[in-house]
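[1] got a structure for you, letters missing:
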């Protein structure tokens, strides 16, 4: 093999100078480069390995960035980033001050559209294609690369439906590997499997019926075949659809064999692929496991309990219930709107539904939360995983808007547990028979209680709706916290010289607020500090301000939380420090009073 080629490629123009016979070497080098960096720095692995050949072919055939390339979600865009001028700083991927883990318009002219949530690529690329036609740029190419899990989403179908009646110069590439983060589900997956196996007659091709020029299925790892087909499609006008078959994790045996674990494996040995196992002995549980194991325990005792998640059975730990009660726990695919209204329909018929959605993804079903659940006052139990700052996934994934966007909805109860016991108790309380919907928000990562599973699981206590808890008494300052961020308050108070002056209250309920306690607090304390791991505009602190205004209280109120900006990637500790809600920042603040 000749000298390293990847090191000579600083942009796609350099790539296009190579002879086509040199590209397999580039593919191998690119694969090795991704493996080496992700092994040491962590990140999304399998998705990018699976599209190495496709990535090279796209930039080799098309005139990027003049031709516009949109990646769906962006988990698979690492090779794209490396080939488009970010090779030298790719080691900063997902780190504070480094490059984003997802395509981002402000980062590179080659990132035609920012993507962090799935199923947006077809609509975005179609919009670009229609705009190009209006500007007279008829030869410009617009490519959307979307996975088989993402294309099953309603938004992707809406894009396909519209594109089929336009003359837009749009190429949709279906990267079909039968898996998103977890294995793909649903009737469309079965259809695509039949197509791949040659069992579906071509005359019944659903993509062709939508007026797309369909080609495939094609081996997505046959670089020369992919290049040949892309060159042909380059000359075809109107909406086109290329179906390619790939293997997620291609090139690393363990990643191919265990595609769920190697989606984002953490640190691993770049040579053997062996994941560096972190000892979990004596560690507190992950909040997702507290949810999953509690709901499973409750479901064993109540046949009306149902669990639903949109494509996150592993990430939410609903997998425990799915394994035990497959007829009562559902992965409905990347379909948040459907998830919420499906839950509403079940609740309307007397079922008890735990609807588990990442906080950032519930944003995609906001209309359904309002119209199909809250307006009808149906007691759906929303379990919002990954609430607050989530770390390295960055701005597209932080669950910091939920308190604000849910608090304004009538009939909604909003609760943020301070620890694992509070989470299991609110899950228990919710299934006893609330008469209105509830949103329970909890963070990514681990709790604080060792041996929670052995000592606490199944030992439930009913929570009184709307009650706060006085964690520590004080004389001059009252700190009101919401959720697990309250632990930072406890630690910060312990480090101050005048601990006796600071009171601490856990306001887990943002709605309804404990107004009785608030009257006492505002009567006693001249300074009130609120703390939340959500945006300060419209969140918990705003609710306290509203209460003070309505009741003519004049205490000084300071609101702490996420500032009015999109917070980028970094560790949770780094981002809390940036937002001044970490222990050290709180200690300094408390000491100043």
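    Arrived safely. The shown structure was predicted, so the numbers you read here are calculated from the model rather than taken from an experiment.
[2] C-alpha only now, for contacts and for neighbours.
    Fine.
[3] Which positions within the helix or strand hosting residue 487 qualify as buried?
    Under the criterion of DSSP states H and E, residue 487 resides in helix 486-495. Buried residues in helix 486-495, counted by 16 or more other Cα atoms under 10 Å: 486-490, 492-493, 495.
[4] immediately after the lowest-mean-pLDDT helix or strand in the chain, which helix or strand?
    Least confident helix or strand, the chain: helix 187-196 with a mean of 79, by mean pLDDT, DSSP states H and E. Sequence order places helix 206-209 as the next helix or strand after helix 187-196, per DSSP H and E.
[5] Show me which positions of that following helix end up buried.
    If you call a residue buried by 16+ other Cα under 10 Å, then helix 206-209 has these buried ones: 207-208.
[6] per-residue confidence averaged over that helix?
    Averaged across helix 206-209, pLDDT comes to 88.
[7] how about the nearest residue to the residue nearest to the spatial centre of the chain, chain neighbours excluded?
    With distances taken as Cα atoms, centre = their mean, residue 397 lies nearest the centre of the chain, 4.7 Å away. Distances taken as Cα to Cα, 6 or more residues apart in numbering place residue 360 nearest to residue 397, at 5.6 Å, with adjacent residues excluded.
[8] Contacts only, for the one you found.
    The contact partners of residue 360, by Cα atoms under 8 Å, 6 or more residues apart in numbering, come to 386-387, 396-402.
[9] out of these, which are buried?
    Neighbour counting over the contacts of residue 360 (16+ other Cα under 10 Å) leaves 386-387, 396-402 as the buried ones.
[10] of all those residues, which two lie farthest apart?
    Maximum pairwise distance among the buried ones among the contacts of residue 360 (Cα to Cα): 13.4 Å, between 396 and 402.
[11] Okay, buried residues for the strand or helix carrying residue 299 please.
    Assigned by DSSP H and E, residue 299 belongs to helix 287-301. Buried residues in helix 287-301, counted by 16+ other Cα under 10 Å: 287-299.
[12] would you turn those into TSV with pLDDT?
    Listed next are those as TSV, based on pLDDT from 0 to 100:
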residue	pLDDT
287	96
288	97
289	96
290	97
291	97
292	96
293	97
294	97
295	97
296	97
297	97
298	98
299	97
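[13] wait, which of these is closest to residue 81?
    Distances from residue 81 to the buried residues of helix 287-301, taken as Cα to Cα, are shortest for residue 288 (31.5 Å).
[14] Let me know whether that closest one touches residue 319 as I believe.
    No. Counting by Cα atoms under 8 Å, residue 288 does not reach residue 319; the two are 10.6 Å apart.
[15] where along the stretch 101-250 of the chain do the strands fall?
    Counting by DSSP state E, counting those that start in this stretch, one finds strands in the stretch 101-250 of the chain at the ranges 142-147, 170-176, 213-219, 240-245.
[16] quick one: strands adjacent to the first one?
    When you say that, I think you mean strand 142-147. Strand pairing for strand 142-147, using DSSP bridges, gives strand 68-71 (parallel), strand 170-176 (parallel).
[17] Can I get the ones you listed in CSV including mean neighbour count, distance to residue 186 and mean pLDDT?
    Formatted as CSV, these follow (neighbours: other Cα atoms under 10 Å; distance: least, Cα to Cα, whole Å; pLDDT from 0 to 100):
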stretch, mean neighbour count, distance to residue 186, mean pLDDT
strand 68-71, 25, 23, 97
strand 170-176, 26, 14, 95
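[18] want to throw those strands into JSON lines with distance to residue 260?
    Shown next, in JSON lines, are the strands paired with strand 142-147 (distance: least, Cα to Cα, whole Å):
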{"stretch": "strand 68-71", "distance to residue 260": "20"}
{"stretch": "strand 170-176", "distance to residue 260": "15"}
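[19] In the record's domain split, what are the boundaries for this protein?
    The chain breaks down into these domains under automatic domain parsing: 6-263, 287-456, 469-591.
[20] Centre of the chain to the longest helix along the chain, how far?
    If you go by DSSP state H, the chain has its longest helix at helix 23-41. Distance of helix 23-41 from its chain centroid, counting by Cα atoms, centre = their mean, to the nearest Å, is 25 Å.
[21] again, but for stretch 276-283
    On Cα atoms, centre = their mean, the centre of stretch 276-283 falls 24 Å from that of its chain.
[22] can you pull the buried residues of that stretch?
    In stretch 276-283, no residue is buried by neighbour count (16+ other Cα under 10 Å).
[23] Could you pull up the residues touching residue 532?
    Residues in contact with residue 532 (Cα under 8 Å, 6+ apart) are 481-483, 485, 540-541, 560-562.
[24] can you do 6 Å?
    482, 561 (Cα atoms under 6 Å, 6 or more residues apart in numbering).
[25] Next: residue 62.
    Residue 62 neighbours (Cα under 6 Å, 6+ apart): none.
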